[in-house]
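J.: one predicted model, sequence on top.
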Amino acid sequence: MDSKFIINTKKQFPSLTKGLKKVGDSLLSTPTIFATHSSKQIGEIIGVSETMVIRFSKSIGYEGFNMLQKDVINHLLTKSNNCNESLKEENSSLNHFGEHITRDVNLLNSNIKALDVEKLEIIVETLLKSERIVIAGYYQSFVFAHWLFFNLNYTLGNASLYRPETDALVFDYLPRESCVIIFSFPRYALDTIRFAEDAKKKGVKVIVFTDSRLAPIVDYADIVILVEVGNNPLLEKGPVTLSLINSILSEVMNRADKTVAETDMFKYFLNEERSTKR
C-alpha cells in the first residue's frame, strides 16, 4: 500500500497551484531528494522557494516539512528492504545484459502498482466508440505511435498516423466522434504539443502518454497516462510504454470481436484460414 504522502499528493494534485504542483511532481518522481535534503536545498534543486516546499507539506496533510521528510524516509527504507530481499532471491551470477532486463522488470512492476485502471478503461471505450483515431509521436516516440497505429488499424480499421507535412488540415475532416493519441517525452517535440492544442480547440478528445505531470502537453490533454521511466528515460521508457500500449490493445482486440465488423485489414492468410474453418 502507498504511503500517506503518495496518496495525498495524487489526491490533491489537480487542485494545487503551479508552484505546488512542481514540488508534488518532484516528490512523486524523486522522493530521495526529499529524504536527503533540507527544505531550502530542495527548493534550490527544483527551482522554487523554501516557503513553497513547506506550504506543499501542509497542503497534503503534514504539520510541516520535517513530518513529511520522516514519512518519506520510512517509505524509502521499507522499499529498500523489500528490494534487497528480492535481490537475494535472484540469481547473483546475472551478466550485464541480465541486469538491464532485471531493471526493466522492476520498472514494469512499479508501473503496475501505479496503474490507473479507470483511465485505461475510458481509453479502451473511447477507442471502440471513435469514428476516427489519429496517433502522433515524433523522434523516439514515433516507434510507440507507429506500433499503436498499426495494431489499432488492423483491429478497427479507422486509425491513422499523423504526418504534419500532409495532414495539416486533418481536423477539418475528422468526424465528430474522433480522438487523438499523442506520445510526448523529453525533449517534448513542439509539433506534437501544437497538434494537441489544435485538437483541444476543435473539441477532439486528446489522450496523452508522457513522463511528467508538468509536461507541456498536459495542459491540452483530456486523459493523461503517466509513464514512470526511472533515472534513464532515454531507454527505460521503451518497455514500460510498449507494455501499457499492449495492455490497451489487448482489451480493444478482445472487445472489438463483439462490436466491430471485419474490414479489409483482416484479409490476411491467417484470418482467411480461420474463417474457412468456421
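T.: On my side now, so go ahead. Numbering: from 1, shown residues only.
J.: how close does the residue nearest to the spatial centre of the chain get to Ala136?
T.: Centroid-nearest residue in the chain, with Cα atoms, centre = their mean: Leu226, separated by 2.6 Å. Relative to Ala136, Leu226 is positioned 18 Å away (Cβ to Cβ, to the nearest Å). Placement of C-beta: from N, CA and C, glycine included.
J.: what does Ser130 give?
T.: 15 Å.
J.: tell me which of those two has more neighbours.
T.: Ala136 (26 against 22; other Cβ atoms under 10 Å).
J.: for the more buried one, which non-adjacent residue is spatially closest?
T.: Distances taken as Cβ to Cβ, 6 or more residues apart in numbering put Tyr162 closest to Ala136, at 3.9 Å, once the chain neighbours are dropped.
J.: please apply the same query to Lys58.
T.: Gly64 (7.0 Å).
J.: how about the residue nearest to Ala136, phi and psi?
T.: phi -70, psi 130 (degrees, to the nearest 10).
J.: wait, it sits on Ala196?
T.: No. With contacts counted by Cβ atoms under 8 Å, Tyr162 stays clear of Ala196, the gap being 10.7 Å.
J.: quick check: neighbours shared by the two?
T.: Residues touching both Tyr162 and Ala196 (Cβ atoms under 8 Å, 6 or more residues apart in numbering) are Val180.
J.: the two: which is more packed in?
T.: Just comparing Tyr162 and Ala196: by other Cβ under 10 Å the higher neighbour count belongs to Ala196, 25 against 21.
J.: which residues does that one contact?
T.: Shown in contact with Ala196 (Cβ under 8 Å, 6+ apart): Val180, Ile182, Ser184, Val206, Val208, Ile217, Tyr220, Ala221.
J.: same question for Leu161.
T.: Contacts of Leu161 (Cβ under 8 Å, 6+ apart): Val134, Ile135, Ala136, Ala145, His146, Phe149.
J.: Ser160 now?
T.: Contacts for Ser160 (Cβ under 8 Å, 6+ apart) come out as Arg132, Ile133, Val134, Ile135, Phe149, Asn153, Asp167.
J.: that's a helix at it, yeah?
T.: No. Under the criterion used here (DSSP: H, G, I helix; E, B strand; the rest coil), Ser160 is strand, not part of a helix.
J.: which among the contacts of Ala196 end up buried?
T.: Buried members of the contacts of Ala196, scored by 16 or more other Cβ atoms under 10 Å, are Val180, Ile182, Ser184, Val206, Val208, Ile217, Tyr220, Ala221.
J.: mean confidence score for the helix or strand containing the fourth one?
T.: Taking DSSP states H and E as the criterion, the element that holds Val206 is strand 205-210. Mean per-residue pLDDT for strand 205-210: 95.
J.: phi, psi for Gly64 please.
T.: According to degrees, to the nearest 10, Gly64 has phi -170, psi -180.
J.: show me what the strand holding Val206 is in contact with.
T.: With Cβ under 8 Å, 6+ apart, strand 205-210 has contacts from 123, 126, 130, 144, 178-185, 196, 199-200, 215, 217-218, 220-227, 241, 244-245.
J.: same check, this time on stretch 126-138
T.: The contact list for stretch 126-138 (Cβ under 8 Å, 6+ apart) reads 143-146, 148-149, 152, 156, 158-162, 167, 170, 174-184, 189, 191-192, 195, 205, 207, 223, 248, 252, 255-256, 259-260.
J.: buried subset of these?
T.: Among the contacts of stretch 126-138, those classed as buried by 16+ other Cβ under 10 Å are 144-145, 148-149, 152, 156, 158-162, 170, 174, 178-184, 189, 192, 195, 205, 207, 223, 248, 252, 256, 260.
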